[in-house]
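Asks: structural data only, the sequence is not supplied:
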């Protein structure tokens, strides 16, 4: 089964889930929003075009795990810009 969250999710068949609250899911290997006005859009693309959305989510009432995953995606998208 493995000893990390990703391996456990793969075993139980939920490898498309990015965060526990399911605010983000994987579609074709890309994290996409699973709620709100950006539902179905790439998280990285939205964060690059509207970085204020990151601030809104970080200040909002979202679970810590969702914020952690958002920060990981945001950081990765910033590194790709360079």
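Replies: Right, received. Where do you want to start? Since this is a predicted model, take the numbers as computed values, not measurements. Residues are numbered from 1 along each chain as shown.
Asks: only C-alpha atoms from now on, for both contacts and neighbour counts.
Replies: Will do.
Asks: residue ranges for the helices of this structure, please.
Replies: With helices called from DSSP state H, the chain shows them at 5-11, 43-49, 52-59, 64-81.
Asks: go through the third one and flag the buried ones.
Replies: By 16 or more other C-alpha atoms under 10 Å, the buried positions in helix 52-59 come out as 54, 58.
Asks: which other residues reach it?
Replies: 46, 47, 67, 70, 74 (C-alpha atoms under 8 Å, 6 or more residues apart in numbering).
Asks: what's the most distant pair in the residues you listed?
Replies: 46 and 67 (15.3 Å; C-alpha to C-alpha).
Asks: pLDDT below threshold where in this protein?
Replies: When residues are selected by pLDDT under 70, those of the chain lie in 1, 5-6, 8-15, 81-82.
Asks: switch to 90 and redo it
Replies: Applying pLDDT under 90 to the chain flags residues 1-17, 77-82.
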